[in-house]
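[1] okay, predicted coordinates and the sequence, questions at the end:
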Amino acid sequence: MLFVCLGNICRSPTAEGVFRQLLEQEAPGLQVEVDSAGTADYHVGDPPDLRSQRAALRRGIDLSDARARQVTIDDFARFDLILAMDRDNLRELEAMLPERSRARVQLFLEYAPDLGRLEVPDPYYRDARGFEEVLDFSAAASRGLLAALQKVA
């Protein structure tokens, strides 16, 4: 699975880290390739935003090894499921989707219907609470995603 936001420094690396931790803790035998990327090239090669790293680390999730990258056409062959953080990124991904791709592209928060929202808000211009929200939303959607994966495994 590939988690995707705009610049790959806040939401998508956080979602990747949260999902990786959940896999390790609750389904260590489940073989899933996990990565993150951005639809834009603003931060290619950069680590996650320090505010994202700090918020994640408080929950025992280390994002420091992650490096931003941009989504490529190859990602649509490499990943079965590509999860966008918001509708703008979903539209970008749908526009890139190769005609015969087997990848499913959808919103990440579709796996957390109880939240009553479909988009993970971008915390970049917000205070620390925005980064905590990203973690909370990622945790809820990751639990739903894992449950869906375990049903088909």
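    That came through fine.
[2] my read: Arg117 touches Glu110, true?
    No - counting by Cβ atoms under 8 Å, Arg117 sits too far from Glu110 to count as a contact (10.5 Å). Placement of C-beta: from N, CA and C, glycine included.
[3] between the two ends of stretch 1-21, how far is it?
    Stretch 1-21 has its terminal residues 14 Å apart, counting by Cα to Cα, to the nearest Å.
[4] before we move on, what about stretch 19-34?
    End-to-end distance for stretch 19-34, by Cα to Cα: 8 Å.
[5] could you report the neighbour count for Arg117?
    12 (other Cβ atoms under 10 Å).
[6] adjust the sequence numbering to begin at 281 for everything that follows.
    From this message on, residue numbering opens at 281, which makes the last subject Arg397.
[7] got the contact list for it?
    Going by Cβ atoms under 8 Å, 6 or more residues apart in numbering, Arg397 touches Leu389, Phe417.
[8] what about Leu303, which helix or strand?
    Per DSSP states H and E: Leu303 is located in helix 291-306.
[9] check which helices and strands the lengthiest helix in the chain is in contact with.
    Longest helix of the chain, by residue count under DSSP state H: helix 408-432. Packing partners of helix 408-432 (3 or more Cβ pairs under 8 Å, 6 or more residues apart in numbering; DSSP states H and E): helix 291-306, helix 330-337.
[10] buried ones in that helix?
    For helix 408-432, burial by neighbour count (16 or more other Cβ atoms under 10 Å) applies to 410-412, 414-415, 417-426, 429.
[11] ditto for stretch 333-353
    Gln333, Ala335, Ala336, Ile341, Leu343, Ala346, Ala348, Arg349, Gln350, Val351.
[12] would you list these in JSON lines and tack on distance to Ala307?
    Formatted as JSON lines, the buried residues of stretch 333-353 follow (distance: Cβ to Cβ, whole Å):
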{"residue": "Gln333", "distance to Ala307": "25"}
{"residue": "Ala335", "distance to Ala307": "24"}
{"residue": "Ala336", "distance to Ala307": "20"}
{"residue": "Ile341", "distance to Ala307": "16"}
{"residue": "Leu343", "distance to Ala307": "20"}
{"residue": "Ala346", "distance to Ala307": "21"}
{"residue": "Ala348", "distance to Ala307": "27"}
{"residue": "Arg349", "distance to Ala307": "26"}
{"residue": "Gln350", "distance to Ala307": "29"}
{"residue": "Val351", "distance to Ala307": "26"}
